[in-house]
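Novice: heads up, no residue letters with this:
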């Protein structure tokens, strides 16, 4: 049985990983047209979603979506929903993986073959995501304990750097009251989406109780503000348009005069390589279990047959990622933007569906 702190690990992982996904780019593109107010509104909605979802899922202790749906919904509908959600979880991991492959080729090893890099990552992810849920949570906690101090160190170095221009930050703040759009709201709420991993990891939680949910809101708000404002402070309100992965460009601009490694980029890359891979493992573990739930049979299968099923699903996930490797930078950004919007509407649908399941259980008990 997992303790409640592992939920905070899931939330923190997803919150931090938005720095390398498409969230900073989408918010910075709208820095003069509602990005800041989107961050505030997204924090309110995100915190509310976290609270509602965790309260509802706690009513089904030790159960994931497959167990909940099969017991309360028609079997055909349950299978369809599980397949759709498995695709969403696969896409979430795939977006992170594609982003980090592109980052590796741009900043670390431009001469490497893209397929060599992505296949190396896929082999590691596919092996690890087959571990049981509790082992993955233990691994996540260890990775966070190593990477979080490095990320905080990088943030402190960025904010205390004399090259940081506060005038650019203040200029963007003057556009606070501009009307937001759907894309900026979708991007801002992604920082809070870590709670959705309880769709599978709730199996190892029994009686999950969250205290001081407002802390999650504050943490998400701080991460979003830093994600959005720090690159603008380095490159200015106009020149920031020239950078695709704004935070890695920022890290590449920081020099550490009193450290063994002179460039901050290498420390930042190591921290986010570890965090990105464990994020993909968490998402694909969820997608794998949801897919297995959708194609499960009544008859008990042998361990060998179960292994073949798992590897077949993971090959399908990997094929999806490899098929998207041919996308250029513009197409990859468009794919990321579509994912952020689909994910937000998917969250609202999942919460509504879980509420329906809870109401059905309650009526049955009356």
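Specialist: That came through fine. Everything numeric here is computed off the predicted structure, so don't read it as measured data.

Novice: every contact and neighbour count from this point should use C-alpha atoms.
Specialist: Noted.

Novice: and stretch 117-124, how far out from the chain's middle?
Specialist: 19 Å (Cα atoms, centre = their mean, to the nearest Å).

Novice: what mean pLDDT does it have?
Specialist: Stretch 117-124 carries an average pLDDT of 94.

Novice: which helices and strands sit right next to the lengthiest helix in the chain?
Specialist: In the chain, taking DSSP state H as the definition, the longest helix is helix 329-365. Identification of packing neighbours for helix 329-365 by 3 or more Cα pairs under 8 Å, 6 or more residues apart in numbering; DSSP states H and E yields helix 35-57, helix 65-72, helix 75-103, helix 182-189.

Novice: for residue 290, find the nearest of those.
Specialist: helix 75-103 (5.3 Å; Cα to Cα).

Novice: go through that closest one and flag the buried ones.
Specialist: For helix 75-103, the neighbour count (16 or more other Cα atoms under 10 Å) marks 78-79, 81-103 as buried.

Novice: swap in stretch 223-235?
Specialist: By neighbour count on 16+ other Cα under 10 Å, the buried set for stretch 223-235 is 223-224, 226-235.

Novice: other residues contacting it?
Specialist: Residues outside stretch 223-235 that contact it (Cα atoms under 8 Å, 6 or more residues apart in numbering): 15-16, 19, 24, 27-28, 39, 158-159, 163-169, 188, 191, 240, 246-247, 250.

Novice: keep only those of those that are in helices.
Specialist: Per DSSP H, helices hold the following members of those: 15-16, 24, 27-28, 39, 158-159, 166-169, 188, 246-247, 250.

Novice: most neighbours among the residues you listed, please name it.
Specialist: Ranked by neighbour count (other Cα atoms under 10 Å), the ones in helices among the contacts of stretch 223-235 have residue 188 at the top, with 32 neighbours.

Novice: pretty sure that residue sits against residue 45.
Specialist: No - at 9.6 Å, residue 188 and residue 45 do not qualify as touching, with contact defined as Cα atoms under 8 Å.

Novice: where do the contact lists of those two overlap?
Specialist: With contacts taken as Cα under 8 Å, 6+ apart, residue 188 and residue 45 have no neighbour in common.

Novice: coming back round to it: and of the helices and strands packed on helix 329-365, who's closest to residue 277?
Specialist: helix 75-103 (7.5 Å).

Novice: mind listing residues that contact the following helix or strand past the closest one?
Specialist: Using DSSP states H and E, the next helix or strand after helix 75-103 towards the C-terminus is helix 114-128. For helix 114-128, contacts defined as Cα under 8 Å, 6+ apart pick out 97-98, 101, 105, 136, 277-278, 280-281, 314, 318, 322, 325.

Novice: now stretch 328-336
Specialist: 21-22, 95.

Novice: out of those, who's nearest residue 273?
Specialist: Of all the contacts of stretch 328-336, residue 21 has the smallest distance to residue 273: 12.5 Å, by Cα to Cα.

Novice: fine by me, we can end here.
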